[in-house]
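Peer 1: only geometry, no sequence info:
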């Protein structure tokens, strides 16, 4: 939204003329705005005095400033969280920082860890279940299952 060229006093003065019975087109022409602007002013400042309009503007400006401050502080908080989590040792990581732990794990396992994980996934896919004949021979409803990995 563009900044108004008219002060709150001018806007409310135009609205007072409108309330006095003048047509919106005449007031708009005299002030140098469109009749739609006059109606927008009426929606925003209708029934206000000049001091109330100025106070409302100050409150809006302060609210905008405070919103920006909250955004800045939220960003600062997130950055500090990231730094703390990067630098603080964790007991679950053997009292190493996350960066140190990741570096140690990479050097200890390297490509072997990826290959071991892939071979385990393949082994799980090759598992087959075979019901034993003893469950059918005894006539029980309990089925024993044995598993074996197919090479």
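Peer 2: Done, it's in. Just so it is clear, the model here is predicted, and its values are computed rather than measured. Residues are numbered from 1 along each chain as shown.

Peer 1: helices or strands up against the lengthiest helix in the chain?
Peer 2: As assigned by DSSP state H, the longest helix anywhere in the chain is helix 50-87. The contact analysis (3 or more Cβ pairs under 8 Å, 6 or more residues apart in numbering; DSSP states H and E) places helix 50-87 against helix 8-19, helix 98-125. The way it works is simple: take the backbone N, C-alpha and C, and place the C-beta from them, glycine included.

Peer 1: now do 6 Å
Peer 2: Applying 3 or more Cβ pairs under 6 Å, 6 or more residues apart in numbering; DSSP states H and E, one finds that helix 50-87 contacts helix 8-19.

Peer 1: just the angle between the longest helix of the chain and helix 8-19, please?
Peer 2: Angle between the axes of helix 50-87 and helix 8-19 is 130 degrees (criterion: axes from the mean of the first three to the mean of the last three Cα atoms, to 10 degrees).

Peer 1: And helix 50-87, what's buried?
Peer 2: For helix 50-87, burial by neighbour count (16 or more other Cβ atoms under 10 Å) applies to 50, 53.

Peer 1: For it, the averaged confidence score.
Peer 2: The average pLDDT within helix 50-87 is 89.

Peer 1: can you list the weak-confidence ranges in the chain?
Peer 2: 1-3, 85-90, 107-151 (pLDDT under 70).

Peer 1: redo that, cut-off 80
Peer 2: For the chain, the stretches with pLDDT under 80 are 1-4, 82-151.

Peer 1: and stretch 29-44, which residues are buried?
Peer 2: 31, 33, 37, 38, 41, 42.

Peer 1: Between the residues you listed, which sits nearest residue 60?
Peer 2: The shortest gap between residue 60 and any of the buried residues of stretch 29-44 belongs to residue 41, at 15.0 Å (Cβ to Cβ).
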